[in-house]
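Chemist: need coordinates for the following:
(one chain, ligands or ions: 1)
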Amino acid sequence: MKILVLNGPNLNLLGVREPEIYGDKTYAALIGKIEQEAKALSVEVTCVQSNHEGVLVDTIQQALGVYDGIIINPAAYTHTSIAILDALKAVTLPAVEVHLSQVSEREDFRQRSFAGMACIRTYMGLGFDGYIEALRFLKSYLSE
Ligand code: DQA
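Modeler: Numbers count the residues shown, from 1 in each chain. Predicted coordinates:
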């Protein structure tokens, strides 16, 4: 079972970026935690981060025929990118949306998620654990 974990803009700055919202742990620490859980679940993960919408779209397109599912935190593109929504719909891979923060309790402009419209589940406000929950959910979903 192969899962693609895709992170959008500014998530490479975890640990530095608004720690009161996103915590003080780094992107490298996040990847370490995801890889550790993937190993425990016997799932193969590839983690990709990009600050560029087109790269995220390309990466989703290239997942077709390679990965069994996608975990995606599109970051700010969540709220703006129809291109990412369309890419997720195009590949029809089961996708799970993750947000570190509790987006539903933040600014109005964060209340719409385009990517979420193509996802079977969303985890938000759980910090790094959201990715772990997403991984466990996708593993059991794909095992059914
Ligand atoms: C985020 C929430 C988004 O609104 C924001 O633009 C991000 C991170 C989160 O993980 O909480 O960059 O996706």
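
Chemist: nearest the middle, which residue of this structure would you pick?
Modeler: Nearest to the centroid of the C-alpha atoms of the chain, with distances taken as CA atoms, centre = their mean, sits Ile72, at 2.1 Å.

Chemist: contacting residues for the nearest residue to it once chain neighbours are set aside?
Modeler: What sits nearest to Ile72 in space, not counting adjacent residues and going by CB to CB, 6 or more residues apart in numbering, is Leu6, at 4.6 Å. From N, CA and C alone the C-beta is placed, and that goes for glycine too. With contact set as CB atoms under 8 Å, 6 or more residues apart in numbering, Leu6 has these partners: Cys47, Val48, Gln49, Ser50, Leu56, Thr59, Ile60, Ile70, Ile71, Ile72, Asn73, Pro74.

Chemist: for stretch 12-19, buried residues please.
Modeler: Across stretch 12-19, burial judged by 16 or more other CB atoms under 10 Å covers Asn12, Leu14.

Chemist: quick check: end-to-end length of it?
Modeler: Using CA to CA, to the nearest Å, one end of stretch 12-19 lies 13 Å from the other.

Chemist: returning to that earlier point: quick check: bridge partners of the residue nearest to Ile72?
Modeler: Taking DSSP bridges as the rule, Leu6 bridges to Val48, Ile72.

Chemist: show the model's pLDDT score for it.
Modeler: With respect to pLDDT, Leu6 scores 98.
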